[in-house]
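Colleague: below is the structure, and that's it, no one-letter string:
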């Protein structure tokens, strides 16, 4: 862009928001206004700024979209219609850690209107802290088996669809016996895939029980194998995700 | 290729009107955003509904004018930033 001789030098260093403010306050007129308008166009085309009433939210979402966990999920399922929701699931996870229940409720309301219960399940994966474990699992099986993004997307959809039937959220007060009964019931029913989630002292309980089931060869005898994924939360607690797969029944495209 | 960092800022309604005007939009009755040339209502590419100036986000990726919510911003990144930079 040519700089006319009469452009005040201090205008040359103005940022896009500063230039917009100058025009809004009618601080520039005539040829200088024309120059500023052209400068705004040029600055905009650099794609360095975004203007939104929710600047803090947008900045947070941008950070999530650059996070390793999110990138792994994008690599797993490609340009899937639920990818934006995964990002929002991580946002809900952060809000939950901050105790911002009102913001989570607003997100859920918005998500339900467009994506119904499947969308809400992804947000809940975030608020319950299990989203990272699910992504670790998906990424793991994709790499091990060289599955395509289409297969992985279908598998993720099937997990969402069956979510309520294939998840055990173990808490310490449930006791080890209840967890054992639940895991055995899942295995006897031949579920192709199910998850056990726990945190803190409940994890110690679950880890001991699952180690014992493994030692007694109960898991293998029932036709299952399992993987464990750990994830440290901001508060220092560790979320454990056990993924049980039926060796015969499980396929990623169930 | 990784995405470039976008600086997000909140600006006043007047500044937003000026930017939209420069980018080919105008403000109609009740603050509804219109295409300056066709005079038709601008439709948000994410929510698929009209956009009012107060709730509009004006975002890069050519120019994307959307209704603002956490969901629409999340989908904006997916549709207009990440896929462009893959």
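Modeller: Received, thanks. Because the structure is a prediction, the values reported are computed rather than measured.
Colleague: from now on I want contacts and neighbour counts done on CA atoms only, so please keep to that.
Modeller: Fine.
Colleague: for residue A:195, see how far away residue A:205 is.
Modeller: 16 Å (Cα to Cα, to the nearest Å).
Colleague: residue A:112 now?
Modeller: 24 Å.
Colleague: neighbour-wise, which of these two wins?
Modeller: Shown here are residue A:112 and residue A:195; by other Cα atoms under 10 Å in any protein chain shown, residue A:195 has more neighbours (23 against 15).
Colleague: residue A:243 is in contact with that one, correct?
Modeller: Yes - if you go by Cα atoms under 8 Å, residue A:195 and residue A:243 touch, sitting 4.7 Å apart.
Colleague: is the helix ranked longest in chain B in proximity to chain A?
Modeller: As assigned by DSSP state H, the longest helix anywhere in chain B is helix B:13-22. Yes - judged by Cα under 8 Å from any Cα of the partner chain, helix B:13-22 and chain A are in contact via B:14, B:15, B:16, B:18, B:19, B:22.
Colleague: residue A:53: which of those residues is nearest?
Modeller: For the residues of helix B:13-22 next to chain A, the closest approach to residue A:53 (Cα to Cα) belongs to residue B:16, at 10.5 Å.
Colleague: just the residues contacting the helix or strand harbouring residue A:186, thanks.
Modeller: Using DSSP states H and E, residue A:186 falls within helix A:175-188. Contact with helix A:175-188 is made by A:168, A:170, A:194, A:205, A:206, A:209, A:222, A:223, A:224, A:246, as judged by Cα atoms under 8 Å, 6 or more residues apart in numbering or on different chains.
Colleague: can you flag which of those residues belong to helices?
Modeller: Among those, DSSP H puts A:205, A:206, A:209 in helices.
Colleague: up against chain B, what does the stretch 51-200 of chain A have?
Modeller: Selection of the stretch 51-200 of chain A residues close to chain B by Cα under 8 Å from any Cα yields A:51-59, A:61-62, A:65, A:79, A:83-85, A:87-88, A:107, A:110-111.
Colleague: filter these down to the ones in helices?
Modeller: Mapping these onto helices (DSSP H) picks out A:55-59, A:61-62, A:65, A:83-85, A:87-88, A:107, A:110-111.
Colleague: top of the contacts of helix A:175-188 by neighbour count?
Modeller: residue A:206 (24 neighbours).
Colleague: excluding its backbone neighbours, what's nearest it?
Modeller: Closest residue to residue A:206 apart from its sequence neighbours, by Cα to Cα, 6 or more residues apart in numbering or on different chains: residue A:176 at 6.9 Å.
Colleague: from chain B, how far off is that neighbour?
Modeller: Note on residue A:176: its distance to chain B, by Cα to the nearest Cα, to the nearest Å, is 39 Å.
Colleague: tally of neighbours for that residue?
Modeller: 19.
Colleague: how far away is it from residue A:184?
Modeller: 12 Å.
Colleague: returning to that earlier point: which of the residues of helix B:13-22 next to chain A count as buried?
Modeller: B:15, B:16, B:18, B:19, B:22 (16 or more other Cα atoms under 10 Å in any protein chain shown).
Colleague: now do the contacts for the third one.
Modeller: Listed by Cα under 8 Å, 6+ apart, the contact set of residue B:18 reads A:20, A:23, A:24.
Colleague: cool, and the first one?
Modeller: If you count contacts by Cα under 8 Å, 6+ apart, residue B:15 has them with A:17, A:20, A:21, A:23, A:24.
Colleague: does the third one sit in a helix, a strand or a coil?
Modeller: With DSSP: H, G, I helix; E, B strand; the rest coil as the basis, the three-state label of residue A:21 is helix.
Colleague: can you list the strands that the worst-scoring helix or strand of chain A on mean pLDDT pairs with?
Modeller: None of the helices or strands of chain A scores lower by mean pLDDT, DSSP states H and E than strand A:224-232, at a mean of 90. Note on strand A:224-232: by DSSP bridges, its sheet partners are strand A:238-246 (antiparallel).
Colleague: what mean pLDDT does the strand it pairs with have?
Modeller: The pLDDT scores in strand A:238-246 average 93.
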